[in-house]
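K.L.:
attaching a predicted model along with its sequence, questions to come.
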Amino acid sequence: QEFYHFIVLVLFGCNKFMPRMDQLIPVINKLQDVFHTVGNRDVIQLPQIVVVGAQSSGKSSVLENLVGSDFLPRGTGIVTRVPLIMQLIQRTGSPRPNEPKAEEWATFLHNPDKIYTDFDEVRQEIDNRTVALVGDSKNVSDKPINLKIYSPRVLNLTLVDLPGITKVAVGGQPKDIERQIRELVLHYINNPNSIILAVSPANSDLANSDAIKIAQEVDPQGDRTIAVITKIDLMDRGTDASDVLLGKVIPVKLGLIGVINRSQYDIDHKKNIGEALKSEAEFFAQNYPSLAHRCGVPFLSKTLNHVLMMHIRKCLPDLKQRIRALLSQTQQAMNGFGATLSTGDFGATLLQVLTKFSDNYRASINGNSMDIQTKELCGGARIFHIFKELFGRTIEGIDPLVDLNAEDIVTAIRNAAGTRSALFIPESSFEFLAKKQISKLIDPALRCVELVFEEMERLVSLCMFPELNRFRVLRDKIMQCTMDALRARVEPTNRMVEDLINIETAYISTTQAEFEAATTRSLTMSGEAAAEPAASLAHPAAHKEKPVSMLAPEALHFQPLSGAAAAAPAAAPARGFLPGWFGGSKGDEVPSVSMIAAVTPFGDAPARSRTPIQGLTGITPAQAATAVAHPQPRAPTSKQTRDVEMMRSLIVSYFTITRKRIQDTVPKAIMHFMVNHINDQLQNELVRSLYKPDHLDELMMEDPSIAAQRKSTAEMLQALQRASHIVTEVSDSDLLF
């Protein structure tokens, strides 16, 4: 009831707003014409009334009743095989100078210069155009026929007549005809700005109505659906359609209207539309007197007119915004295509393109690009991420003592001592072990170069701009030239990074303040540890039950050594470089008594030195050599334990200091030899390689598809400009009533 009160209010209480309301439908009609000319009907979803219904539901008769003339093709099977977009335009007053003298006429957009005053010719043209679009087959097509009908008997409407829904392929129809029609219908009614006019016959169960069912799929709440019930006069005797007409059976919010169509007998006997409308009014007045004022074709026409106007008023602000957005996008696309070039413009255009690409590349690395990414790091930001997060954390995670166990350290010390017993740690053993650990930094450093190269390589495609799509050959040459320049910088950059590591291993400098401080701490710890053995000689009982310390062999978990490795002879010390430990750094300074007592087990060394090698009797010389080169493991001595801890502390200190330098110098080398070099020289390299007068024609040759795209984009731009001008005819204040 509220809906019908609303309709009455609109029809009879808002006359003062009608002039402005009547502007809305012609605006949509003009927009349809504009976008039809560019062949892109779906670029804007325009408000329109889409008529759906099953075959033989009376859909065509309803449309003819709305127009007031017979103009649609009739026959058996599928007669409507393409969408028919009809613009009904009400004509009032005397004809204009450029209009025909006839009361009503029609035109087609595919032949706009021809005016049809005979609607039999209109029917024939629809048939002819259908055959032209689809052929003689029974297939359907989504290519529409656009028809305009001018008449004083119509109200302004925009209707789309679609093929009738069918279930079974008959009469030579394709087997998938049901799917074809369903997809076509859904294509139109899925438009959220469309009004669905669902036509269903009253003499069949409305619960099985194909039109209502497919409408509810896209509009389950019935917010944009109008139901039309036909053939009420053909219902079984004794049945009543009151509940249906009152909306108690089919819930649709825009209303449900009953109409009476002409029968086939009436059509055959040329009963005109005017007489049919009188018969319809008499039928409802006699059979449904309480509902007669809300039934019939005249009420349907007025309802559709006002529902469409109200719907357009609701949609028009969004349409304006959509047209403005598309206009801006299309203008940008058109700018990307650029103007057609003449031969004399090739050189200047080439230089402009090379300069723009170089500027884009530099801007991406320097961080001042206008097109800032929000989904991922790229360019200079990613290079910084590689330096800070990937390379930095990788080398910080390298253990200074990786792949270096206590047995390796003891073996290195023994080998550095040669034929003599090592009273102090030989300097050469520390240098050898430090170089070995520092060399482990070279792989992460070279991997850092590789990652930076990959990012700069990725930037090449990201810095391409739309205008380059015009010149495919030039675009490929720019990419190739830039990639060659990048690859040329990889070798010198790798060489410099390797040199940085080699420089660190070439000379082990122990005079650094940080390293000297670490050495002092290590010597202090060693002195405290060395005092314990001397104290144990003076007071053996006090140390008899002393628990194993963190520096004891049991706590180090390495295999003990045997033979001469377990001995610590008090031979002349190998010359070292750390005062008080390696020896010889301050003239002929002699270690203290407590130190000698700690590193020379007086009771064991002489005895071991006099003990002959056991177990070699009766073996071959080769076996004996193997036994000497690979002695069986024995428990380390206390001196070896202290030497290992001292060496570990020194290696960790020196490696940490060196790692900080590498972490700082490698990114600097990459920036200088690769990143900055490309930034500074890329434009010069591109001009040197590509700006050759003999090859300008080849480089600046435009892709054939680009010319076609430029043409279609120019047409769309003009259409959108006209559409923007059309929608401005209706001001925002006109939509506020």
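P.N.:
Looks like it arrived, so ask away.
K.L.:
and the next helix or strand past the host helix or strand of K302?
P.N.:
Secondary structure here is read from DSSP states H and E; on that basis K302 sits in helix 297-337. Next along the chain after helix 297-337, taking DSSP H and E as the criterion, comes helix 346-366.
K.L.:
who are the packing partners of that following helix?
P.N.:
helix 380-385, helix 442-462, helix 472-506, helix 676-690, helix 696-699 (3 or more C-beta pairs under 8 Å, 6 or more residues apart in numbering; DSSP states H and E). The C-beta positions use only the backbone N, C-alpha and C, and glycine is treated the same way.
K.L.:
may I see these organised as TSV, with mean neighbour count and distance to T37 added?
P.N.:
Formatted as TSV, the helices and strands packed on helix 346-366 follow (neighbours: other C-beta atoms under 10 Å; distance: least, C-beta to C-beta, whole Å):
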stretch	mean neighbour count	distance to T37
helix 380-385	18	47
helix 442-462	18	37
helix 472-506	17	31
helix 676-690	16	42
helix 696-699	15	36
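K.L.:
quick one: closest of those to P636.
P.N.:
When the helices and strands packed on helix 346-366 are ranked by proximity to P636, the top entry is helix 472-506, at 28.6 Å, counting by C-beta to C-beta.
K.L.:
chain center to that closest one: distance?
P.N.:
Here the centre of helix 472-506 is set off from its chain's centre by 30 Å, with C-alpha atoms, centre = their mean, to the nearest Å.
K.L.:
residues near A707, how many?
P.N.:
Applying other C-beta atoms under 10 Å, we find 13 residues neighbouring A707.
K.L.:
still on that earlier bit, how far does the helix holding K302 sit from the chain's center?
P.N.:
In terms of C-alpha atoms, centre = their mean, the centre of helix 297-337 is found 29 Å from the chain centre.
K.L.:
which one, of the helices and strands packed on helix 346-366, ends up nearest to I28?
P.N.:
Between I28 and the helices and strands packed on helix 346-366, the shortest separation by C-beta to C-beta is 41.2 Å, and it involves helix 472-506.
K.L.:
name the nearest residue to L72, ignoring sequence neighbours.
P.N.:
S60 (4.7 Å; C-beta to C-beta, 6 or more residues apart in numbering).
K.L.:
measure stretch 664-681 end to end?
P.N.:
Stretch 664-681 has an end-to-end distance of 25 Å (C-alpha to C-alpha, to the nearest Å).
K.L.:
now that stretch: mean pLDDT?
P.N.:
Confidence for stretch 664-681, expressed as mean pLDDT, is 93.
K.L.:
again with stretch 287-294
P.N.:
Here the mean pLDDT over stretch 287-294 is 90, rounded to a whole number.
K.L.:
how long is that stretch end to end?
P.N.:
Taking C-alpha to C-alpha as the measure, stretch 287-294 stretches 13 Å from start to finish.
K.L.:
contacts for it next, please.
P.N.:
Residues from elsewhere that reach stretch 287-294, judged by C-beta atoms under 8 Å, 6 or more residues apart in numbering: 4, 7, 241-242, 245-246, 257-258, 281, 284-285, 295, 299.
K.L.:
quick one: distance of stretch 215-224 to the chain centre.
P.N.:
Average the C-alpha atoms of stretch 215-224, do the same for its chain, and the two points are 33 Å apart (C-alpha atoms, centre = their mean).
K.L.:
list the helices and strands the helix or strand where E121 lies packs on?
P.N.:
Here E121 is covered by helix 119-134, with elements defined by DSSP H and E. Using 3+ C-beta pairs under 8 Å, 6+ apart as the contact criterion, the secondary-structure elements in contact with helix 119-134 are strand 105-108, strand 111-116, strand 145-151.
K.L.:
now these in CSV, with distance to K138, mean neighbour count and mean pLDDT?
P.N.:
CSV is the format used below for those (distance: least, C-beta to C-beta, whole Å; neighbours: other C-beta atoms under 10 Å; pLDDT from 0 to 100):
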stretch, distance to K138, mean neighbour count, mean pLDDT
strand 105-108, 23, 20, 93
strand 111-116, 25, 13, 90
strand 145-151, 17, 21, 92
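K.L.:
please convert these to CSV, extending it with distance to H695.
P.N.:
Formatted as CSV, the helices and strands packed on helix 119-134 follow (distance: least, C-beta to C-beta, whole Å):
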stretch, distance to H695
strand 105-108, 52
strand 111-116, 49
strand 145-151, 50
